[in-house]
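Enquirer: from the sequence below, what's the structure:
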Amino acid sequence: MANIEHPIMSVSGVRGQTGVSLEPRLITQFAMAFGTFIGGRTVVIGRDSRTSSPMVQHAVLAGLLATGCRIIDVGLCPTPTILLMAKALDAQGSVTITASHNPVEWNGIEFASASGRLLTQAERDELARIYKAEEFALAPWNEQGRLETDSDAVAYHLTKILRSPWLGQELIQKANLKVVLDCGNGAGSVISPMLLRELGCRIVELNCVPDGHFRRPAEPTPEALGELCETVQATNADIGFAHDGDADRLVVVTERGVPLSGEWTLALIADFILNQTKGDIVATVSTSRMLDDVADKHGVTLHRTKVGVGWVVEKMHEVNAVIGGEGTGGVIYPNIQHTTDGIASIAAMMQRLAETRLKSDSDGTVTALVDSLPHYDMCRKKLEIPSQDIATQLIARAEEIYTRKRELPVSNGKDTPVPQLVLTDGIKRIWDDRWVNIRKSGTEPVIRVFSEAPTAMEAEALCDETLETLELLMKQICR
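Expert: Got it, this is the predicted structure:
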């Protein structure tokens, strides 16, 4: 990925390349804006394992102390652990230092408001206004903030997961399951091995040293998981798991060493949770249509939102959903907290696999679970762009073109299917058996193109056709 000179602001915070677009002055100013936003009250802070995280942390501390905040540092923890501690401590805000699934040279800061709740759109707008206007409420010499530490975050998170109403430790122990775990040397290394041992699983650890030196890409795509797949096969494990850098995501590898996309994590767990309790599902516009099938199977409603955990959480609160998430492998468990939690997903998958293993009419494998759901093929590609401004222009031009195509009369009297156009997030064109979504990334300088169809060949053809249109439009814009 090329050097990006400006940080990227998203629904969760700000990210950039360390020493290029993310530097201490900018970080401190954002922290001062956030300290001002929460009125100089209590804020929980934590970080992932990236080697640049200590630098970012000290810059954040400076801004929060300068605005009079009481800071509780929970140390190196996954993002969901940090947000859960903010909820437990009834803090007025939290700052998580992470770039999640971005490459190792990136870092960032993610903000949440009272009790670990992700920022609403209105709150994001107000924080951005304070930052841009530099209206920082700096504290005088005798009202500076103070720093405390709390070492109980991981233990607290584990306790909350183990007390989940859908989890039965004895059943998992009885199933005697073997797991290969790849934490990518990220923040999940400090908690996920502990959880699997608490569940009575036999565990093989890969990349479970939280030193920030990622031996594979931080984003656990199927292409990045060769070592995990090989190890699952070589050790005759029942399942393989992989986290991203801050462990808010989880992806699965089958007992045959086949890597599954994050779409399967949400679909399999949603099906499992809805077997326990009925209620609505919330997912993003770019999440697999497998969720439509899961919703139909259980007679519940699937609500779709813009891409971004914050949007999913807002809708979950609105409709009182029992499960939600994104096709990235991020699943939200309202009984624990309203953010994606890759650690809780390990527990949910182990419970589902154990239940399947102990049924007399099942072969008890991950492959069998996959075969229990309808199958579609998805293609994910991206178009790198020079700037976010050009991306905005590109989406607008594409919307004009696809809107005009819908308005054209059918030629030669042929009954050509006209796709539905949904503008919830970017542009989504939906046919009866396939769809394609074009949207500007909130975390990288790219346009993402996702498509799904009955076969991989059809999904890729739809994706490539869309990319060709976007590339032509970008050439026109950049003349």
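Enquirer: in what helix or strand does Glu471 lie?
Expert: helix 456-477 (DSSP states H and E).
Enquirer: residues of that helix that come out buried?
Expert: Neighbour-count burial for helix 456-477, with 16 or more other C-beta atoms under 10 Å as criterion, is recorded at 458-460, 462-463, 466-467, 469-470, 473-474. Bear in mind the C-beta positions are built from the backbone N, C-alpha and C, glycine included.
Enquirer: Serialize these to CSV and add fields for pLDDT and distance to Leu195.
Expert: Below are the buried residues of helix 456-477 laid out as CSV (pLDDT from 0 to 100; distance: C-beta to C-beta, whole Å):
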residue, pLDDT, distance to Leu195
Glu458, 96, 39
Ala459, 97, 35
Glu460, 96, 37
Leu462, 96, 39
Cys463, 96, 36
Thr466, 95, 40
Leu467, 95, 40
Thr469, 94, 45
Leu470, 94, 42
Leu473, 92, 47
Met474, 90, 45
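Enquirer: dump the residues you listed to TSV, plus distance to Val422.
Expert: Below are these laid out as TSV (distance: C-beta to C-beta, whole Å):
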residue	distance to Val422
Glu458	20
Ala459	18
Glu460	22
Leu462	15
Cys463	17
Thr466	15
Leu467	19
Thr469	17
Leu470	18
Leu473	20
Met474	23
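Enquirer: any idea where the strands of the stretch 51-200 of the chain begin and end?
Expert: Secondary structure of the stretch 51-200 of the chain by DSSP state E, counting those that start in this stretch: the strands cover 70-76, 93-97, 106-112, 146-149, 178-182.
Enquirer: what sits against the residue nearest the centre of the chain?
Expert: In the chain, the residue lying closest to the centroid (C-alpha atoms, centre = their mean) is Gly330, at 4.6 Å. Contacts for Gly330 were tallied using C-beta atoms under 8 Å, 6 or more residues apart in numbering; they are 248-249, 262, 266, 309, 340, 342.
Enquirer: gap between Leu353 and Ala368?
Expert: Per C-beta to C-beta, to the nearest Å, Leu353 is found 9 Å from Ala368.
Enquirer: more crowded one of the two?
Expert: A direct count of neighbours by other C-beta atoms under 10 Å for Leu353 and Ala368 places Leu353 higher, at 25 against 16.
Enquirer: tell me the secondary structure at the more buried one.
Expert: Three-state assignment for Leu353 (DSSP: H, G, I helix; E, B strand; the rest coil): helix.
Enquirer: check contacts around it.
Expert: Leu353 neighbours (C-beta under 8 Å, 6+ apart): 175, 177, 238-239, 364, 366, 369.
Enquirer: in helices only, show me those residues.
Expert: Of these, the ones assigned to helices by DSSP state H are 175, 366, 369.
Enquirer: JSON lines for the residues you listed, including neighbour count?
Expert: Below are the ones in helices among the contacts of Leu353 laid out as JSON lines (neighbours: other C-beta atoms under 10 Å):
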{"residue": "Ala175", "neighbour count": "20"}
{"residue": "Val366", "neighbour count": "24"}
{"residue": "Leu369", "neighbour count": "23"}
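Enquirer: report the beta-bridge partners for Arg47.
Expert: Following DSSP bridges, Arg47 is listed with bridge partners Leu76, Ile97.
Enquirer: surely it and Gln57 touch.
Expert: Yes: applying C-beta atoms under 8 Å as the test, Arg47 and Gln57 come out as touching, 5.3 Å apart.
Enquirer: sorry, back to before: export the strands of the stretch 51-200 of the chain to a markdown table and tack on mean pLDDT, mean neighbour count and distance to Leu373?
Expert: A markdown table is the format used below for the strands of the stretch 51-200 of the chain (pLDDT from 0 to 100; neighbours: other C-beta atoms under 10 Å; distance: least, C-beta to C-beta, whole Å):
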| stretch | mean pLDDT | mean neighbour count | distance to Leu373 |
| --- | --- | --- | --- |
| strand 70-76 | 98 | 20 | 36 |
| strand 93-97 | 97 | 29 | 33 |
| strand 106-112 | 95 | 27 | 32 |
| strand 146-149 | 98 | 10 | 45 |
| strand 178-182 | 98 | 24 | 22 |
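Enquirer: of these, which is nearest Ile323?
Expert: Nearest to Ile323, of all the strands of the stretch 51-200 of the chain, is strand 106-112, at 20.5 Å by C-beta to C-beta.
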